[in-house]
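*Asks:* below is the sequence, then the predicted model.
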Amino acid sequence: MSDVILSVTAANAALNTFQIDQVSLHSDNPSTTGDNELNSTGYARQPFSFNAAVNGQRQAEVNAVFDLTAGDEVSWVSYWYQGNFTLAKQVTPALVFNQDGTATLDTNTLLEL
């Protein structure tokens, strides 16, 4: 959002309005409905949450570990609350998995405006 300027106080207030309890991975733009969510064997949305905003950022307070299959491509991450889509962030460049394994969103994950 390079054309928007927010004070840290305003950014913190805005970020703290987002209620999040799950995270999902997507192969393409999820729109506002969670389209293109991965559906590989073993994949499932994971519980996830963020700490309160500080300095215009919210930092994840838990790790989310996803089971992925060779060929999965992750280009978006979406956040949910009580089964309802909240927001999504693009992953650039997209992550392509060449073998079965796991992917982790860890506590270094930030939510920013």
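*Replies:* Perfect, thanks for sending it.
*Asks:* all contacts plus neighbour counts: C-alpha atoms, from now on.
*Replies:* Noted.
*Asks:* what strands line up against the top strand by length along the chain, and which way round?
*Replies:* The longest strand of the chain (DSSP state E) is strand 84-96. Paired neighbours of strand 84-96 in the sheet (DSSP bridges): strand 73-81 (antiparallel).
*Asks:* and the strand it pairs with, how far out from the chain middle?
*Replies:* 5 Å (C-alpha atoms, centre = their mean, to the nearest Å).
*Asks:* mean confidence for that strand?
*Replies:* Strand 73-81 comes out with an average pLDDT of 97.
*Asks:* dump that strand to CSV, restricted to CA.
*Replies:* Output of strand 73-81 as CSV, limited to C-alpha atoms (Å, rounded to 0.1, in the frame of the first residue of the first chain):
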residue,chain,number,x,y,z
GLU,A,73,2.5,-24.9,-5.4
VAL,A,74,1.8,-22.2,-2.8
SER,A,75,1.2,-18.7,-4.1
TRP,A,76,-1.2,-17.4,-1.5
VAL,A,77,-1.8,-17.7,2.3
SER,A,78,-5.3,-17.1,3.6
TYR,A,79,-6.5,-16.3,7.1
TRP,A,80,-9.9,-17.4,8.5
TYR,A,81,-12.1,-16.8,11.5
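*Asks:* ok so, going back, the helix or strand following the longest strand of the chain packs against which elements?
*Replies:* Scanning forward in sequence from strand 84-96 by DSSP states H and E, the next helix or strand is strand 101-105. Contacts defined by 3 or more C-alpha pairs under 8 Å, 6 or more residues apart in numbering; DSSP states H and E place strand 101-105 against strand 64-68.
*Asks:* show me where pLDDT drops low in this structure?
*Replies:* Scanning the chain for pLDDT under 70 picks out the ranges 1-2.
*Asks:* give the buried residues for the longest strand of the chain.
*Replies:* F85, T86, L87, A88 (16 or more other C-alpha atoms under 10 Å).
*Asks:* could you pull up the residues touching the closest residue to the last one other than its chain neighbours?
*Replies:* Leaving aside its sequence neighbours, A88 sits nearest to S78 (C-alpha to C-alpha, 6 or more residues apart in numbering; 4.1 Å). Shown here is S78, whose contacts under the criterion C-alpha atoms under 8 Å, 6 or more residues apart in numbering are V23, S24, L25, H26, P30, G34, F85, T86, L87, A88, K89.
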